[in-house]
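> coords please:
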Amino acid sequence: MFSSRLRQPSGKNRLSVVLEERRRAGLPVYDLTESNPTRADFTYQAEIIRPLSSPDALRYEPSPFGMLSARRAVAGEYCRRGVTVAPEQVVLTASTSEAYSLLFKLLCDPGDAVLVPRPSYPLVEHLTELDAVAIEPFPLEFNGRWSIDLSSVEQACATSRVRAIVLVNPNNPTGSVVSAQELEALASIASAHDLALIVDEVFADYPIESSHVSSALDQNRALTFALGGLSKSAGLPQLKLGWIGVSGEKASVDSALDRLETICDAYLSVSTPVQLAAGDLLRDGALVRRQIHDRVRANYRTLREIAAAHPACSVLPVEAGWYAVVQVPAVEPEEALVVNLLERNGILVHPGYFFDFDREAFLIVSLLPASDLFSRAVELLFASMEQFA
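Below you'll find the model as predicted:
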């Protein structure tokens with residue numbers, strides 16, 4: 001009766017079960033997986049949402065790509081990052097997830113494939129399945145810093161099934177940034193094989209050890225779709241506004257936008273109030289963005305300082321983003337390790353296998369929690385791992 005593209009899990013994993021039991025018992029949880037800024041003790045001024053009450057929102061004038069005023073606001077947001085993109089080459093979406101889905105519909109027939117980095121955020125694989133698209137992974141390799149195995153990308157592009165190369169820049173969870181040389185090489189590969197680049201840039205506003213995160217829109221060699229949204233850039237996930245910036249050779253861009261307009265016209269998913277308020281939200285969201293940026297940089301420093309006293313563990317370099325990777329002794333399977341950390345110490349972390357790390361043992365920690373909670377949780381985490389040293 002049901003579609004085979006929906007991979008429905010048979011039950012909850014052990015970590016989810018233990019977490020529910022612990023919370024039901026009223027036991028403390030040090031949550032180092034937090035990804036929702038509205039739950040991380042940042043200061044939000046009530047005035048930030050006042051523009052959503054504009055009387056103009058009572059009138060409905062749908063446009064497939066969104067209101068031009070909102071698209072101009074997003075173009076201005078790119079300009080803030082030093083990127084030039086015309087408002088006419090901006091497409092509004094309700095979320096980055098929806099943006100992926102629209103682009104998979106644009107570029108892929110059922111059974112086609114996209115190249116996806118590993119390790120990386122597992123949501124992308126789930127979204128491809130929902131659009132009946134396959135994935136072909138290419139590895140990120142760590143040799144002091146994370147880098148793309150370009151030869152693997154080139155080899156994977158040899159199959160006619162591949163339609164696009166997906167990048168997450170900065171990567172989640174590795175915090176690595178695609179270098180200018182890597183981007184140029186990937187654009188050349190994509191152009192040579194008539195593929196598109198889909199580049200998720202939602203964490204680009206949060207450099208930590210990197211001085212700047214360049215946008216894929218800086219090049220025009222390959223047809224490129226760069227994704228962003230209020231969720232990360234302004235810490236406002238509840239307002240559901242994302243966007244796609246498009247670049248490339250004019251003929252390819254025009255052809256893509258013409259087809260994408262047909263797809264977007266079938267959904268018209270972005271609400272009128274948030275489009276009318278887009279300029280104000282992007283401007284005022286800078287206050288939240290600065291708080292988040294200060295927090296993740298401070299927590300990353302704390303993480304490294306505490307790790308220095310525990311030589312059995314190491315923190316991998318983070319160039320940008322909200323997450324860090326901690327390598328710990330591989331004395332037991334990651335699933336058992338994270339469950340035991342939660343049961344015994346109340347520490348909640350993600351295991352590396354959630355993100356398709358090719359070996360153990362890695363723990364993924366969010367840099368978003370309030371600093372006092374973060375430092376206590378990290379002290380407990382490393383003290384717990386010390387027994388295995």
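
> can you map out the helices along the stretch 151-300 of the chain?
Using DSSP state H, counting those that start in this stretch, the helices found in the stretch 151-300 of the chain span residues 180-192, 230-233, 250-265, 272-276, 278-307.

> Turn those into JSON lines, including mean pLDDT.
Conversion of those to JSON lines gives the following (pLDDT from 0 to 100):
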{"stretch": "helix 180-192", "mean pLDDT": "96"}
{"stretch": "helix 230-233", "mean pLDDT": "97"}
{"stretch": "helix 250-265", "mean pLDDT": "98"}
{"stretch": "helix 272-276", "mean pLDDT": "98"}
{"stretch": "helix 278-307", "mean pLDDT": "97"}
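
> So for Arg50, which of these sits nearest?
helix 278-307 (8.0 Å; C-beta to C-beta). All C-beta atoms are positioned from the backbone trio N, CA, C, and that covers glycine.

> Give the buried residues for the closest one.
Judged by neighbour count using 16 or more other C-beta atoms under 10 Å, the buried positions of helix 278-307 are 278-285, 288-289, 291-292, 295-297, 299-300, 302-303, 306-307.

> quick one, domains of this structure?
As assigned by automatic domain parsing, the chain contains the domains 14-43+289-386, 48-284.

> Any idea how far apart the tips of the longest one sit?
The first residue of domain 48-284 is 6 Å away from its last residue (C-alpha to C-alpha, to the nearest Å).

> Next: stretch 315-324.
Note: stretch 315-324 ends 7 Å apart using C-alpha to C-alpha.

> can you give me the mean pLDDT across it?
Stretch 315-324 carries an average pLDDT of 97.

> quick one on the thing from earlier: with respect to Ser4, which of the domains of the chain lies nearest?
That would be, of the domains of the chain and by C-beta to C-beta, domain 48-284, which comes in at 8.9 Å.

> sorry, back to before: could the helices of the stretch 151-300 of the chain be laid out in JSON lines, adding distance to Ala158?
Shown next, in JSON lines, are the helices of the stretch 151-300 of the chain (distance: least, C-beta to C-beta, whole Å):
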{"stretch": "helix 180-192", "distance to Ala158": "11"}
{"stretch": "helix 230-233", "distance to Ala158": "34"}
{"stretch": "helix 250-265", "distance to Ala158": "21"}
{"stretch": "helix 272-276", "distance to Ala158": "42"}
{"stretch": "helix 278-307", "distance to Ala158": "39"}
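
> For Val162, find the nearest of these.
helix 180-192 (9.8 Å).

> helices and strands around the closest one, which ones?
strand 146-148, helix 150-156, strand 162-168, strand 196-200 (3 or more C-beta pairs under 8 Å, 6 or more residues apart in numbering; DSSP states H and E).

> Apply 10 Å and report the result again.
With contacts taken as 3 or more C-beta pairs under 10 Å, 6 or more residues apart in numbering; DSSP states H and E, helix 180-192 sits against strand 113-118, strand 146-148, helix 150-156, strand 162-168, strand 196-200, strand 224-229.

> Kindly compare burial across these and name the winner.
For these, average neighbour numbers computed from mean count of other C-beta atoms under 10 Å are highest in strand 224-229, which has a mean of 27.

> can you give me the angle that strand makes with helix 180-192?
With axes from the mean of the first three to the mean of the last three C-alpha atoms, to 10 degrees applied, the angle from strand 224-229 to helix 180-192 works out at 120 degrees.

> Centre of the chain to strand 224-229, how far?
Distance of strand 224-229 from its chain centroid, counting by C-alpha atoms, centre = their mean, to the nearest Å, is 11 Å.
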